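K.L.:
Predicted model and sequence below, questions to follow.
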Amino acid sequence: MNTPLVAPPKDTRQGSLAVVGMGMTLGSHLTPLSRSHIEQADVIFAGLSDNIVEQWLQRMNADVRSLQPYYKEGKSRRKTYEEWVDLMMTEVRAGKRVCGVFYGHPGIFAWSPHKVIEVARAEGFQAHMEPGISAEDCLYADLGIDPGTVGCQHFEAGQILFYERRIDPSGYLVLWQVGLVGDRSLARFTTSGAYRQVLVDVLSKDYPLDHEIILYRAVTLPIQKPRIRRIALRDLPFVDVPTEETVILPPAATLKPNHEIRERLAALDKLEKEASVA
C-alpha cells in the first residue's frame with residue numbers, strides 16, 4: 001500500500017471523507033443524503049460507469065475529478081486502486097471535505113472505497129460510507145428473483161477457479177465478472193472463451209451442460225432496458241461476455257428435506273407444547 005499513515009496537519013481545518021453510491025441508473029437511484037454529501041464536498045473523485053454520468057455529476061459540484069483515466073491495459077488494477085486511495089487521501093489530509101462517488105453500491109466489488117475509509121479513520125479523520133442501489137438489487141427486480149425462496153450464492157467468478165468453493169445447485173448461483181474469469185494478472189480487461197471453458201468445466205460438476213443460464217446487465221441510463229440473454233451453459237465460451245454482465249445459474253436441483261432435523265424440531269415442539277400445558 002503506497003499510502004502512509006500520517007498525522008493530520010495541524011495548520012489546516014480537519015478534512016473528512018464520505019464515500020457514496022450513485023446507484024446503477026442515472027438520476028434514479030441517488031439518495032437525498034448522498035446528494036447532500038456531493039453538493040457540500042470541496043472535491044469529488046468519481047469512479048462511475050461512463051462519461052455521461054460524470055457530466056451529470058458535474059451539475060451538482062464543480063470540482064469533479066474522474067478516476068477512470070488511471071485504468072490502463074496491462075497495468076495492474078491493484079495499482080490503479082492504490083492510486084485512487086492516494087488521490088483521495090491527499091485532499092483529505094489537506095483539510096478538504098472529500099466525497100468519493102462510485103456507481104452502484106460503493107462497497108460492493110470495490111477495494112478502494114473500503115481501503116480509503118480504513119486509512120482515513122486510522123489517521124483520525126471522519127470517514128464513512130453511504131450505500132447505493134447495486135447491480136444485485138437491480139438483478140432481483142429485473143429477473144423476478146427472490147433470494148429468500150431457495151437461497152442465492154454470490155461469487156466473483158475467478159474464485160470458482162482459484163479455490164475449492166462449495167456450490168449448492170438447489171439455489172441460485174450468481175457469478176460476477178465472468179468476462180475477466182481466470183485472469184491472475186489483474187492487468188487485463190477481458191479474457192477469452194478458453195478461460196470461460198475452464199469455468200464451464202468446473203460448473204459442469206454440479207450443473208448439466210444444457211442447463212439454461214442467464215446473462216444480465218443492469219440499466220445505467222433511463223432510456224435503456226436491461227440486457228437479458230438466456231443460453232445453455234455449454235455455450236458460455238462462445239458468446240461475448242462484457243465485464244459489466246453478470247451470469248446467473250438458476251437452480252438445477254430441488255431442495256432436499258432434512259428429515260433428521262425435522263424430527264428433532266418436531267420433538268422440541270412437542271416438549272414445549274407439553275410444558276405450556278403443565
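P.N.:
Looks like it arrived, so ask away. Note that the structure is predicted; figures quoted are calculated from it, not measured.
K.L.:
report the longest helix in the protein, please.
P.N.:
helix 259-277 (DSSP state H).
K.L.:
Give me the contact list for the host helix or strand of Lys79.
P.N.:
Using DSSP states H and E, the element containing Lys79 is helix 77-93. Applying Cβ atoms under 8 Å, 6 or more residues apart in numbering, the contact partners of helix 77-93 are 1-3, 6, 8-9, 15-17, 42-43, 45, 47, 65, 67, 70-72, 98, 100, 111-112, 115-116, 119-120, 123, 125, 127, 186-187. C-beta here means a position set from N, CA and C on the backbone, and glycine is covered the same way.
K.L.:
ok, now with 6 Å
P.N.:
2-3, 15, 17, 43, 45, 67, 70-71, 98, 100, 111-112, 115-116, 119-120, 125, 186 (Cβ atoms under 6 Å, 6 or more residues apart in numbering).
K.L.:
ok so, going back, mind giving me the packing neighbours of the longest helix of the chain?
P.N.:
Using 3 or more Cβ pairs under 6 Å, 6 or more residues apart in numbering; DSSP states H and E as the contact definition, helix 259-277 packs against no other helix or strand.
K.L.:
For that helix, C-alpha coordinates in PDB please.
P.N.:
Taking Å, rounded to 0.1, in the frame of the first residue of the first chain, the C-alpha atoms of helix 259-277 are listed here in PDB:
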ATOM      1  CA  HIS A 259     -35.700 -35.500   7.900                       C
ATOM      2  CA  GLU A 260     -33.400 -36.000  10.800                       C
ATOM      3  CA  ILE A 261     -33.500 -32.300  11.800                       C
ATOM      4  CA  ARG A 262     -37.200 -32.000  11.100                       C
ATOM      5  CA  GLU A 263     -37.900 -34.900  13.500                       C
ATOM      6  CA  ARG A 264     -35.700 -33.200  16.100                       C
ATOM      7  CA  LEU A 265     -37.600 -29.900  15.700                       C
ATOM      8  CA  ALA A 266     -40.900 -31.800  16.000                       C
ATOM      9  CA  ALA A 267     -39.800 -33.300  19.200                       C
ATOM     10  CA  LEU A 268     -38.900 -29.800  20.600                       C
ATOM     11  CA  ASP A 269     -42.300 -28.500  19.500                       C
ATOM     12  CA  LYS A 270     -43.900 -31.400  21.400                       C
ATOM     13  CA  LEU A 271     -41.900 -30.800  24.500                       C
ATOM     14  CA  GLU A 272     -42.700 -27.000  24.500                       C
ATOM     15  CA  LYS A 273     -46.400 -27.700  24.000                       C
ATOM     16  CA  GLU A 274     -46.400 -30.200  26.900                       C
ATOM     17  CA  ALA A 275     -44.600 -27.700  29.100                       C
ATOM     18  CA  SER A 276     -47.100 -24.900  28.300                       C
ATOM     19  CA  VAL A 277     -50.000 -27.200  29.300                       C
END
